[in-house]
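Asker: Sequence first, predicted model second:
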Amino acid sequence: MAKKIVALILSPRELGNCEILVKEICRNVPFAHELQLIRLTDKEIKPCKACYACLVNGKCPLDDDFKAVAETMASADALLIATPTYFMGGNGMLKVFLDRCLQLYPASFSLRGKPVINLVTAGLKGEAGYSEMMLNSFSLILGLKLRASEVFYGALPGEIFLDNDEQFQRAAALGEVLLGEKERSFDEWACPMCGSDVIQLLGQDRIQCVVCRNYGNISQNGKKVELKVELNPENIFFTKEQFQRHGLWLQEMKARFMRLRRKLAALTGVYADQGSWL
Ligand SMILES: Cc1cc2nc3c(=O)[nH]c(=O)nc-3n(C[C@H](O)[C@H](O)[C@H](O)COP(=O)(O)O)c2cc1C
């Protein structure tokens, strides 16, 4: 039976680099599939109001396209997520969408375990900033199984493949890994837990991986940089158990709020009349 690939495109440009990249990858997928494209920037996704109603009664009061998009993603056998770089980060719609994913905690469906390839396009080499990290955090938080994460350079629509055989071949190769058996292999300098190459220095030899938020140590062995990273039991998204434990913590928030609400109202009320709002 044909597999279903769902591609989340974060570029508003029709036939822009994100779109042709996703389509080229799918041309090289070695199995029968249907490709469902979602241009997130064409959808109405309202920002999360932090009302937590979804955690209490399972329903988000915002009426828009979120649910249709999330359900389509959940119906996929594999996902492709492609964002252009906008001022060093991915398209802001990705973050707006992610925040609304709070409602997936009590939802009857989940995106957990779905294979995904994360793709970034950027106009200038070296100027992709934190876009890749943003996509990788997105997939880690939702429990997606990261197969590959790559950046492609080109400013004009289509330019990523214009006289650029290296990028064209790289896209073609990604078609093979989307639903293959092989686990993602990490660069030797990357976080051994999640593969991210963005590491926060905490002083002396201590580090924290910015994407998976596990802690470790950095050392130098000759010319080689070595990272040792251990599972942080306090994490809230890295393992399925941590994700579920965080879900329970969120569910208990209502009881905590009911217990503390008078005290909290007394504390915040002091600030109520200060300043004027635009
Ligand atoms: C508002 C805006 C900000 C951008 N900022 C960056 C940037 O910080 N770094 C970069 O390399 N390219 C930047 N670009 C260029 C795009 O990332 C690049 O053109 C990319 O290929 C667009 O992908 P698309 O064709 O799928 O829309 C920016 C483009 C726009 C419209």
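Answerer: Received the coordinates, thanks.

Asker: now Ile117, what's its secondary structure?
Answerer: Here Ile117 is recorded as strand under DSSP: H, G, I helix; E, B strand; the rest coil.

Asker: excluding its backbone neighbours, what's nearest it?
Answerer: In this structure, Ile117 finds its nearest non-sequential neighbour in Ala148, 4.8 Å apart by C-beta to C-beta, 6 or more residues apart in numbering. From N, CA and C alone the C-beta is placed, and that goes for glycine too.

Asker: what about the strand or helix carrying that neighbour, average pLDDT?
Answerer: Element membership of Ala148 [criterion: DSSP states H and E] is strand 145-153. Across strand 145-153, pLDDT averages out at 96.

Asker: Flag every buried residue along that strand.
Answerer: Residues of strand 145-153 classed as buried by neighbour count (16 or more other C-beta atoms under 10 Å): Leu146, Arg147, Ala148, Ser149, Glu150, Val151, Phe152, Tyr153.

Asker: starting at the chain centroid, how far to the helix or strand where Leu79 lies?
Answerer: Secondary structure from DSSP H and E places Leu79 in strand 78-84. In this view, strand 78-84 has its centroid 9 Å away from the chain centroid, taken as C-alpha atoms, centre = their mean, to the nearest Å.

Asker: Please name every helix or strand in contact with it.
Answerer: Identification of packing neighbours for strand 78-84 by 3 or more C-beta pairs under 8 Å, 6 or more residues apart in numbering; DSSP states H and E yields strand 3-9, helix 17-27, strand 115-122, helix 131-141.

Asker: relative orientation of the first one and strand 115-122 in degrees?
Answerer: Read it as strand 3-9. If you take axes from the mean of the first three to the mean of the last three C-alpha atoms, to 10 degrees, strand 3-9 sits at 30 degrees to strand 115-122.

Asker: Can strand 3-9 be said to contact the ligand?
Answerer: No: Strand 3-9 stays clear of the ligand (C-beta under 6 Å from any ligand atom), getting no nearer than 7.5 Å.

Asker: Summarise which helices and strands that strand is packed against.
Answerer: Using 3+ C-beta pairs under 8 Å, 6+ apart, strand 3-9 is in contact with helix 17-27, strand 33-39, helix 66-74, strand 78-84.

Asker: Redo those as CSV? Include distance to Val198.
Answerer: Listed next are the helices and strands packed on strand 3-9 as CSV, based on distance: least, C-beta to C-beta, whole Å:
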stretch, distance to Val198
helix 17-27, 22
strand 33-39, 27
helix 66-74, 25
strand 78-84, 16
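
Asker: most tightly surrounded among these?
Answerer: The highest average neighbour count among the helices and strands packed on strand 3-9, using mean count of other C-beta atoms under 10 Å, belongs to strand 78-84 at a mean of 25.
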